[in-house]
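A.B. asks: Give me the fold of what follows.
(chains A and B)
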Number of protein chains: 2
Amino acid sequence: MADLSAVDIDFGDDGLVPAVAQDADSGEVLMLAYVSPEALRRTVDTGRAHYYSRSREELWEKGATSGNTQSVVDVRVDCDADTLLYVVEQDGGACHTGHRSCFHRSIAEIDDAGETAQVETTGERVFDPDDVYE
Amino acid sequence: MADLSAVDIDFGDDGLVPAVAQDADSGEVLMLAYVSPEALRRTVDTGRAHYYSRSREELWEKGATSGNTQSVVDVRVDCDADTLLYVVEQDGGACHTGHRSCFHRSIAEIDDAGETAQVETTGERVFDPDDVYE
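C.D. replies: Sure thing, here's the model as predicted:
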């Protein structure tokens, strides 16, 4: 049996920690969202990815509306305990635009200020968002 | 030639955007750090990963001290333009603990409050930090 040690997760000033979601099969980085203590506890307890929406200010189960759920295979914590990694089996696509990954645009150029990028879309859509979100 | 479109990166209230670094070869998620406009511009211009240290309050080139540099193959931006993904060729290990990835610990249990985790270390060390950081 593996040795366990206790780690206090650093939820930061706003009480949230960023969580990267990665596809367990392909290794693709799917999305980044934020997690509250309750969202983390529900994720570990249920095996389904939960986050906290900063805009809606509420706990959120991924896929509860869209059906694009995430079954969590592993939850990892980084060396500083201020970022999580959800390793997930993604049903459908992770992105509300219909793409498999939210990171479907590559930066080709950046302006001198470093604030405005010229991007090209590289990822393919796996579902039509009009069919999923009403 | 691909169609380009302009995207304003959302650097948030603190002027920084989180960036996930992923190994281009293995797909492993290596680390998460924060990026200022100048760090992003230097990353795109030089092809070497730059970040902004929130604790030291300074621009930072990954590996400048340790030698564990990151050659950037692709910089992606997510659907909300508030997170970046650096796809990198990682020299040595990304983590200051000597591990290949900062996400080398898995959560086995979480307390009721969702704040304290029992973790086990899963990743192997690829270098001895005592040899690298003085």
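A.B. asks: What are the boundaries of the strands in chain A?
C.D. replies: Ranges of strands within chain A are A:5-8, A:17-23, A:29-35, A:50-53, A:58-61, A:70-77, A:84-90, A:105-110, A:116-121, based on DSSP state E.
A.B. asks: how about those in a markdown table, adding mean pLDDT, distance to residue B:12 and mean neighbour count?
C.D. replies: All C-beta spots, glycine's among them, are computed from the backbone N, C-alpha and C. Below are those laid out as a markdown table (pLDDT from 0 to 100; distance: least, C-beta to C-beta, whole Å; neighbours: other C-beta atoms under 10 Å in any protein chain shown):
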| stretch | mean pLDDT | distance to residue B:12 | mean neighbour count |
| --- | --- | --- | --- |
| strand A:5-8 | 97 | 25 | 12 |
| strand A:17-23 | 98 | 12 | 23 |
| strand A:29-35 | 98 | 12 | 25 |
| strand A:50-53 | 98 | 16 | 22 |
| strand A:58-61 | 97 | 20 | 15 |
| strand A:70-77 | 98 | 23 | 20 |
| strand A:84-90 | 98 | 19 | 23 |
| strand A:105-110 | 97 | 17 | 19 |
| strand A:116-121 | 96 | 16 | 18 |
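A.B. asks: mind checking which of the ones you listed is nearest residue B:85?
C.D. replies: strand A:29-35 (5.6 Å; C-beta to C-beta).
A.B. asks: If it's not too much trouble, I'd like the strands of chain A exported to a markdown table so that distance to residue B:126 sit alongside each entry.
C.D. replies: Listed next are the strands of chain A as a markdown table, based on distance: least, C-beta to C-beta, whole Å:
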| stretch | distance to residue B:126 |
| --- | --- |
| strand A:5-8 | 21 |
| strand A:17-23 | 20 |
| strand A:29-35 | 21 |
| strand A:50-53 | 31 |
| strand A:58-61 | 36 |
| strand A:70-77 | 17 |
| strand A:84-90 | 18 |
| strand A:105-110 | 28 |
| strand A:116-121 | 33 |
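A.B. asks: which ones are touching residue A:25?
C.D. replies: Contacts for residue A:25 (C-beta atoms under 8 Å, 6 or more residues apart in numbering or on different chains) come out as residue A:89.
A.B. asks: Reformat the strands of chain A as TSV; add distance to chain B.
C.D. replies: Below are the strands of chain A laid out as TSV (distance: least, C-beta to the nearest C-beta, whole Å):
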stretch	distance to chain B
strand A:5-8	5
strand A:17-23	5
strand A:29-35	4
strand A:50-53	10
strand A:58-61	11
strand A:70-77	4
strand A:84-90	4
strand A:105-110	4
strand A:116-121	4
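A.B. asks: so which of the ones you listed gets nearest residue B:91?
C.D. replies: strand A:29-35 (20.3 Å).
A.B. asks: Report the angle between that closest one and strand B:70-77.
C.D. replies: Angle, strand A:29-35 to strand B:70-77, by axes from the mean of the first three to the mean of the last three C-alpha atoms, to 10 degrees: 70 degrees.
A.B. asks: partners of strand A:29-35, with directions?
C.D. replies: According to DSSP bridges, strand A:29-35 forms sheet pairs with strand A:17-23 (antiparallel).
A.B. asks: Next, the buried residues of the longest helix seen in chain A.
C.D. replies: Secondary structure of chain A per DSSP state H: the longest helix is helix A:37-46. Neighbour-count burial for helix A:37-46, counted by 16 or more other C-beta atoms under 10 Å in any protein chain shown, picks out A:37, A:39, A:40, A:41, A:42, A:43, A:44.
A.B. asks: filter those by proximity to chain B?
C.D. replies: A:37, A:39, A:40, A:41, A:44 (C-beta under 8 Å from any C-beta of the partner chain).
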